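1. curious how this folds, go ahead:
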Amino acid sequence: MKKRVFALCMGLLLSVVSSPALAVEEDRLITTVDYYTATLYYCDSARHKVVLKNVKPTGVATTERRKTMQQAEYNEIWISGSARLTNGTYIPLEELNHYVDREVGVVITRNRAEGIRVVALHFR
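-> Numbering: from 1, shown residues only. Have a look, this model is predicted:
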């Protein structure tokens, strides 16, 4: 009986005390996430890069948003995932160049290790 109680207590203790933990280097943490409007210039799907023009922040244009806007304009930016049309259909990166010069909404994140990255792109 004592062994069963001990095993039960140890099982409960281990389930409460031990929990999975993940760690990320501090410079890889996302520091900002902002929404911008832009025009798609081109996409290099082989390298997962996209180029935007006429990038404008939505809402208040803070100093950090202006800095991101300048870095995103006519520069190759990493893109994660795919794009989405107004009806919700997803477009693979290989087909994005069929939609150049169209207005898009983009979510751009920033961290110290990689700089800026497009994590969501949808056509307006």
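2. state the three-state secondary structure for Lys67.
-> Assigned by DSSP: H, G, I helix; E, B strand; the rest coil, the conformation of Lys67 is helix.
3. for it, what are its contacts?
-> If you count contacts by CB atoms under 8 Å, 6 or more residues apart in numbering, Lys67 has none. Backbone N, C-alpha and C define where each C-beta goes, glycine included.
4. how far away is it from Ser45?
-> 27 Å (CB to CB, to the nearest Å).
5. quick one: strands adjacent to the longest strand out of those in the chain?
-> Scanning the chain for the strand with the most residues, using DSSP state E, yields strand 32-44. Counting by DSSP bridges, the strands paired with strand 32-44 are strand 49-57 (antiparallel), strand 103-111 (antiparallel).
6. turn these into JSON lines, columns for mean neighbour count and mean pLDDT.
-> Shown next, in JSON lines, are these (neighbours: other CB atoms under 10 Å; pLDDT from 0 to 100):
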{"stretch": "strand 49-57", "mean neighbour count": "18", "mean pLDDT": "94"}
{"stretch": "strand 103-111", "mean neighbour count": "18", "mean pLDDT": "92"}
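7. what's next to stretch 72-81, contact-wise?
-> Outside stretch 72-81, the residues within contact range by CB under 8 Å, 6+ apart are 36, 38, 41, 43-44, 47-55, 93, 106, 108, 114, 116-121.
8. the same query, at a cut-off of 6 Å, please.
-> 48-53, 55, 116-119 (CB atoms under 6 Å, 6 or more residues apart in numbering).
9. turn the strands paired with strand 32-44 into CSV, including distance to Gly88.
-> Formatted as CSV, the strands paired with strand 32-44 follow (distance: least, CB to CB, whole Å):
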stretch, distance to Gly88
strand 49-57, 20
strand 103-111, 13
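10. for Thr32, which of these is the nearest?
-> In terms of CB to CB, the element of the strands paired with strand 32-44 nearest to Thr32 is strand 103-111, at 4.6 Å.
11. output the closest one as PDB, restricted to C-alpha atoms.
-> The C-alpha trace of strand 103-111 is given here as PDB (Å, rounded to 0.1, in the frame of the first residue of the first chain):
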ATOM      1  CA  GLU A 103      -2.400  46.900 -53.600                       C
ATOM      2  CA  VAL A 104      -1.700  44.600 -50.700                       C
ATOM      3  CA  GLY A 105      -2.000  44.700 -46.900                       C
ATOM      4  CA  VAL A 106       1.100  43.400 -45.200                       C
ATOM      5  CA  VAL A 107       2.000  42.500 -41.700                       C
ATOM      6  CA  ILE A 108       5.700  43.200 -41.100                       C
ATOM      7  CA  THR A 109       7.600  41.900 -38.000                       C
ATOM      8  CA  ARG A 110      11.000  43.000 -36.700                       C
ATOM      9  CA  ASN A 111      13.600  41.400 -34.600                       C
END
